[in-house]
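Student: following is a predicted model, sequence given first.
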Amino acid sequence: MKRNLGYGLVVVILFACFAKAQRVGEPAPDFQATDSNGQVHKLAEYRGKFVVLEWHNNGCPYTRKHYESGNMQRLQKEWTSRGVIWLTVISSAPGQQGYVTAEQENEYLKRMNAVPTAALLDPQGGVGRLYAAKTTPHMFIINPEGILIYDGAIDSKATTEQSDIATATNYVSQALEEAKAGKPVSTPTSRPYGCSVKYAH
Amino acid sequence: MITHAEDAADQHVEIALISEQQAIVPDQKFILGIRFDLQEGWHTYWINPGDAGEPPRITWELPAGFQAGSVQWPYPARLSTPPFADFGYEHQVLFPVTVRPPSGLEAGGNEKIVAQVRYLICRDVCIPGQKQLVLTLPVKNRTTAGLDAALFAAARQRLPRPIPNEWRVSASSVGDEFQLRLRVVGKLTAPPQFFPLEPEQIENAAPQNITPIPGGVQLHLKKSNHLLKPISRIKGVMVVSGRAYLLDIPVSESGRVHTQSMKN
């Protein structure tokens, strides 16, 4: 019981300036958050690696599109195997759709065969608001120098239909491939699509 | 019993395919409409849904030779749930579509029109839905208004129209905002509201502050933080005193104002 509480409780420390929203091409704001195994992650610790942030809500039809098709898991598997840090972030407030305890999240990750580096629990919404995360999914990529290089949708087809995945351009993979090859990211921003992030009111 | 997502959405919205007139008249275009009746608390979306959501999509299955135009979008309401703003519709909305029959169509028969509608409705949660709508209309040499003619008239009132020639509208880029200057003929009965047609030009949720200028008003629109390069034109629907106008004008850089007469 005590342990449950401990895992459910998330401490978010915000280092960045609140007044200015994050912007592609500028340093990504640092944050600290606890994952579903109780481990604390700090963005600055991943300097030297690419980091993907994936906003998540397991009840949102757009999130379900990418998990029930296996698309998100494929991306997680591919990119973590290539050295990328993949952080799933859950900013749903308690009582809102997508809010999970640490145990529930671990059960979900196992059931869905999801393999992010970690799933960060952000029920206060501090990390979400720091990044102005709007939708689930909403994807961000940070390069090894700590610069935000992508902010937007997971792909080019803003629908809930799994059949659209095959013909969509995946902006996350495209940006990672380009950045890893030393090229500029051709689509550095896009309108993130999905359900609104269920922040505390 | 657990039902499909489609059925779940069906519990909160009724969608119908309706006609402005009771029959199709040979060689005359006619107006159909997709009507959404939403339960209290639910909404669907405008062509640019704003920070979240998705507009309805319609696929037609028309009799041979018939052609449907594009969906017309009545101006939306700003649905604000800080830190977000969406653009959409609550309660009821009708999306008109113009259909042209093939030339040489003869009176006497019936024509079956099918619309497949994919849509999203949201309250605190979102549900996607899908519905097949069927309407059969007779072909007659004359017709009268249908039962829903008043709904079509109301929807038409909400469709954007060209900016009147005598208005002066201009836009400039100043720091982190776009400034829209609007000089209209007549009195403003309410603060003008701007709905962007391009998804990433302005911050949807930012307040649209209004300041007076000689002969008009100036709207202050906060630039989207996704905007990495200057834009040459700003595009949207401006609602002025309850009517909507289509705005697509050049943006001048800091201070240098580009004014032009709107000719369409």
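Tutor: Thanks, I have it.
Student: partner residues bridging the residue nearest the centre of chain A?
Tutor: Residue closest to the mean C-alpha point of chain A, counted by C-alpha atoms, centre = their mean, is A:E54 at 1.5 Å. Per DSSP bridges, the residues bridged to A:E54 are A:T88, A:M139.
Student: how near is it to A:E105?
Tutor: As defined by C-beta to C-beta, to the nearest Å, A:E54 lies at a distance of 13 Å from A:E105. Quick note: C-beta positions are derived from backbone N, CA and C, even for glycine.
Student: and B:L182, by the same measure?
Tutor: For B:L182, the distance to A:E105 - C-beta to C-beta - is 50 Å.
Student: before we move on, back to that, what sits against the residue nearest to the centre of chain A?
Tutor: The contact partners of A:E54, taken as C-beta atoms under 8 Å, 6 or more residues apart in numbering or on different chains, are A:M72, A:W86, A:L87, A:T88, A:V89, A:P116, A:P137, A:M139, A:I154.
Student: isn't the fourth one right next to A:A119, touching?
Tutor: To tie it back to what came earlier, the one meant is A:T88. Yes. A:T88 is in contact with A:A119 according to C-beta atoms under 8 Å; the separation is 4.4 Å.
Student: determine which two of the contacts of A:E54 are furthest apart.
Tutor: A:L87 and A:I154 (14.6 Å; C-beta to C-beta).
Student: more neighbours: those two, which one.
Tutor: Neighbours were counted for A:L87 and for A:I154 using other C-beta atoms under 10 Å in any protein chain shown; A:I154 has more, 30 against 23.
Student: where are the low-confidence patches of the chain?
Tutor: The chain I'm using is chain A. Within chain A, the segments meeting pLDDT under 70 span A:1-21.
Student: right idea, wrong chain: chain B
Tutor: Within chain B, the ranges that satisfy pLDDT under 70 run B:1-7, B:255-264.
Student: at 90 instead, please
Tutor: The model of chain B has pLDDT under 90 over residues B:1-10, B:81-82, B:146-147, B:184-190, B:215, B:228, B:253-264.
Student: residue nearest the middle of it, spatially speaking?
Tutor: B:W73 (2.2 Å).
Student: number of nearby residues for B:V13?
Tutor: B:V13, neighbours per other C-beta under 10 Å, totals 18.
Student: show me where the chain has its helices.
Tutor: Since you didn't name a chain, this refers to chain A. A:2-8, A:61-68, A:71-81, A:102-111, A:126-130, A:171-180 (DSSP state H).
Student: meant chain B, my bad for not saying
Tutor: Under the criterion DSSP H, chain B contains helices at B:5-10, B:149-157.
Student: what parts of chain A come near chain B?
Tutor: A:21-25, A:59-62, A:96-97, A:129, A:132, A:134-135, A:151-152, A:158-161, A:188-191, A:193-196, A:198-199 (C-beta under 8 Å from any C-beta of the partner chain).
Student: thinking again about what came up before, mutual contacts of A:T88 and A:A119, please.
Tutor: Residues touching both A:T88 and A:A119 (C-beta under 8 Å, 6+ apart) are A:H56.
Student: from A:H56, how far out is the residue lying closest to A:Q96 once chain neighbours are set aside?
Tutor: Nearest non-adjacent residue to A:Q96, counting by C-beta to C-beta, 6 or more residues apart in numbering or on different chains: A:K198, 3.7 Å away. A:K198 is 11 Å from A:H56, where distance means C-beta to C-beta.
Student: between the two, which one's more packed in?
Tutor: More crowded of A:K198 and A:H56, by other C-beta under 10 Å: A:H56, with 30 against 25.
Student: just checking, that one touches A:Q97?
Tutor: No. Counting by C-beta under 8 Å, A:H56 sits too far from A:Q97 to count as a contact (11.4 Å).
Student: related to what we said a few turns ago, okay, the helices of chain A in CSV with mean neighbour count and distance to B:S103 next?
Tutor: Shown next, in CSV, are the helices of chain A (neighbours: other C-beta atoms under 10 Å in any protein chain shown; distance: least, C-beta to C-beta, whole Å):
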stretch, mean neighbour count, distance to B:S103
helix A:2-8, 13, 68
helix A:61-68, 21, 43
helix A:71-81, 18, 47
helix A:102-111, 16, 59
helix A:126-130, 22, 57
helix A:171-180, 19, 45
